[in-house]
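Chemist: Predicted model follows, preceded by the sequence.
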Amino acid sequence: MSKKRIVVKIGSSSLTNDQGEIDQIKFQDHIEALSELRKRNHEVILVSSGAVAAGFKRLGYPARPLTTKGKQAAAAVGQGLLIESYIEKFSDFGIVPAQLLLTRNDFSNREQYRNAFATVEELLERGILPIINENDTVAVEELTFGDNDMLSALVSGFIHADQLIILTDVNGLYDSNPNQNPHAKRLDYIEEITEEMFDGARGTGSKVGTGGMKSKLLAAQTALSLGVPVFIGKGEGKEKLVNILAGQGDGTYIRGKSLDWVNTNRQWIGYHSEIKGKLYIDQGAEEAILYKGRSLLPAGVFKVQGVFQTGDVVEVYGQNGVIGKGAVSFSSKHLHEMLQDRLINQENNGPTREIIHRDRWVPLIQ
């Protein structure tokens, strides 16, 4: 099997027991499986839940806390316990792990996004196993990923992974909720995620995790849009991840009809950037940037909203609503001046430099 870059996401339910403590048998099983991937010369990035679940018992909580301060306190205790366990167990296989704690702000801030990418690349280059988790100790609601399923999808995209493996305690996706329908059939392979699948996923989850199957479907959608195929399922033994890569996993494989690689710059624009303004364009410009691979030129813009600077990201509106996002080459002040000059001179002439270059453009419709 050729060398691949693999993101493995392990949820709380796959790491802990019913009391919320790290289950050493489950934990060792994951360690051996991840080590086997490394032994086969694959690059491995682990997105690991479990910090809150591992820590809340130490704080005296009888169950996973529901308040923000309770979760953050539990994570503060649990993150140390979790990485300490990983360091100890991986040392038996000669593997050095490194912990990265991320928040949404690390993705939305362009410089921090680039730094995170560079850090992961350097760790992989040095043979280190990155272990990534959301920084629950400081994250506030509007800056969270929602759960580590989505975090794993975004990570798999921005490091250009060959495969995202989401391990859970359910063996894949079903055509209806198996908890309610004893005749539900597992979907071994799918090419697209439909609304009916989300309906069947509602109500499936665990006591110690934040996500359920619905969050995994959302994560899979995101990963597919970034060009990364996904596996959702379970397994046991040191060969479980190797078997999944070989197409023999106990779960569901999700791979779009065509997976298009999305470069890191466009990923940041499309998924993480803060929108600073809006541009409204005419039909000719809309057709040019959507269907002809052109850049957006000043002549196609007839309205500017918001205050933004060169390099900021704006939404672009066509005849029927928003059609995409892009990083602008002019400030809003400059664009207003250009529009005013055009109205006065009754000409569409002017600068031919692109307002949004096609390499900094992300369409939101096909």
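Modeler: Thanks, I have the structure now.

Chemist: Please tell me how far the closest residue to Arg114 other than its chain neighbours sits from Ser108.
Modeler: Counting by Cβ to Cβ, 6 or more residues apart in numbering, the nearest residue to Arg114 once its immediate chain neighbours are dropped is Thr264, at 7.9 Å. Heads up, the C-betas are built off the backbone N, CA and C, glycines and all. Relative to Ser108, Thr264 is positioned 14 Å away (Cβ to Cβ, to the nearest Å).

Chemist: Equivalent analysis for Val8, please.
Modeler: Per Cβ to Cβ, Val8 is found 25 Å from Ser108.

Chemist: out of those two, which sits in the busier spot?
Modeler: Comparing Val8 with Ser108 by other Cβ atoms under 10 Å, the one with more neighbours is Val8, at 24 against 15.

Chemist: who's in contact with that one?
Modeler: 34, 37, 44-47, 165, 167, 241 (Cβ atoms under 8 Å, 6 or more residues apart in numbering).

Chemist: repeat that for 6 Å
Modeler: 46, 165 (Cβ atoms under 6 Å, 6 or more residues apart in numbering).

Chemist: which residues does it bridge with?
Modeler: Note on Val8: beta-bridge partners by DSSP bridges are Leu46, Ile165.

Chemist: Let's see the pLDDT reported for it.
Modeler: At Val8, the pLDDT value in this model is 98.

Chemist: Pro182 too?
Modeler: For Pro182, the pLDDT comes out at 84.

Chemist: gap between it and Ala98?
Modeler: Going from Pro182 to Ala98 by Cβ to Cβ gives 45 Å.

Chemist: More neighbours: which of the two?
Modeler: Ala98 (17 against 6).

Chemist: ok but the more buried one is inside a strand, no?
Modeler: Yes. Secondary structure of Ala98 (DSSP: H, G, I helix; E, B strand; the rest coil): part of a strand.

Chemist: So it sits against Gly127, correct?
Modeler: No. The criterion here is Cβ atoms under 6 Å, and Ala98 misses it with Gly127 at 10.7 Å.

Chemist: And the strands in the stretch 251-366 of the chain, which stretches?
Modeler: 275-281, 301-306, 313-318, 321-327, 361-363 (DSSP state E, counting those that start in this stretch).

Chemist: buried set for stretch 302-322?
Modeler: Within stretch 302-322, the residues scored as buried using 16 or more other Cβ atoms under 10 Å are 304, 308, 312-318.

Chemist: Wait, Trp261 touches Gly227, no?
Modeler: Yes. Taking contacts as Cβ under 6 Å, Trp261 lies within contact range of Gly227: 4.3 Å.

Chemist: Pick out whichever of the two has more residues nearby.
Modeler: Gly227 (19 against 10).

Chemist: quick one: that one is in a helix?
Modeler: No. Going by three-state DSSP, the assignment for Gly227 is coil, not a helix.

Chemist: Closest to Val52 out of the buried residues of stretch 302-322?
Modeler: Looking at the buried residues of stretch 302-322 and their distance to Val52, the nearest is Val313, at 32.5 Å (Cβ to Cβ).
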